[in-house]
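**Q** got a sequence here, can you model it:
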Amino acid sequence: MKKAIEKKNFDGARIYAQNAIRKKTEQLNYLKLASRLDAVVSRLDTQAKMNMVNKNMAGIVKTLDKVIKTNNPEAIVNTMEQFARQMEDLDVTQSEIVDKSMGNVTSLTTPEGEVGNASLVLWDVLPCLAIQLRIHSTAVSIRSN
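**A** As a prediction, this is how the structure comes out:
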């Protein structure tokens, strides 16, 4: 856009600016879509893991019910150990879900240094471009009158 303005191609600069704005909007929309898809995948993954935990717990409860009826202390201890392992697996699953969610959030953030550098570049270029575009727009409107 800067080169177009330097070459006095104001219409080309305006078209370039419109295209740049459109592409930036598309990029932001794709980022939003990616974020939504990540959320859906995370929810589906969580649901699948919870279904597996529920299935395993139901099996353990049935086994524990049978074992308690037999009054066999060794079998009760073994079943309770299975229950404890299942609870540990549940804790690990929950920790993985939280870690993954936090990783998704931090991957979408932009480093402040890059934002600051981009802002400085824009502040250097924009005033000159804005003045040149205003002069051109004024000249075009005067000519058309």
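**Q** neighbours of residue 49, how many?
**A** Neighbour count for residue 49, taken as other Cβ atoms under 10 Å: 16. C-betas here are computed from N, CA, C, even on glycine.
**Q** wait, it touches residue 93, no?
**A** Yes. Counting by Cβ atoms under 8 Å, residue 49 does reach residue 93; the two are 5.0 Å apart.
**Q** my guess is residue 83 meets residue 62, correct?
**A** No. Between residue 83 and residue 62 there is no contact under Cβ under 8 Å: 11.9 Å.
**Q** rounded mean pLDDT for the host helix or strand of residue 51, please.
**A** Using DSSP states H and E, residue 51 sits within helix 10-70. Helix 10-70 carries an average pLDDT of 87.
**Q** what's that helix packed up against?
**A** helix 2-6, helix 73-107, helix 112-144 (3 or more Cβ pairs under 8 Å, 6 or more residues apart in numbering; DSSP states H and E).
**Q** rerun at 6 Å
**A** Under the contact criterion of 3 or more Cβ pairs under 6 Å, 6 or more residues apart in numbering; DSSP states H and E, helix 10-70 touches helix 2-6, helix 73-107.
**Q** what about residue 56, distance to residue 38?
**A** With distances taken as Cβ to Cβ, to the nearest Å, residue 56 is found 27 Å from residue 38.
**Q** what does residue 10 give?
**A** 42 Å.
**Q** next: residue 59.
**A** If you go by Cβ to Cβ, the gap between residue 59 and residue 38 works out to 32 Å.
**Q** counting neighbours, go ahead and name the busier of these two.
**A** The neighbour comparison of residue 59 against residue 38 (other Cβ under 10 Å) goes to residue 38, with 17 against 12.
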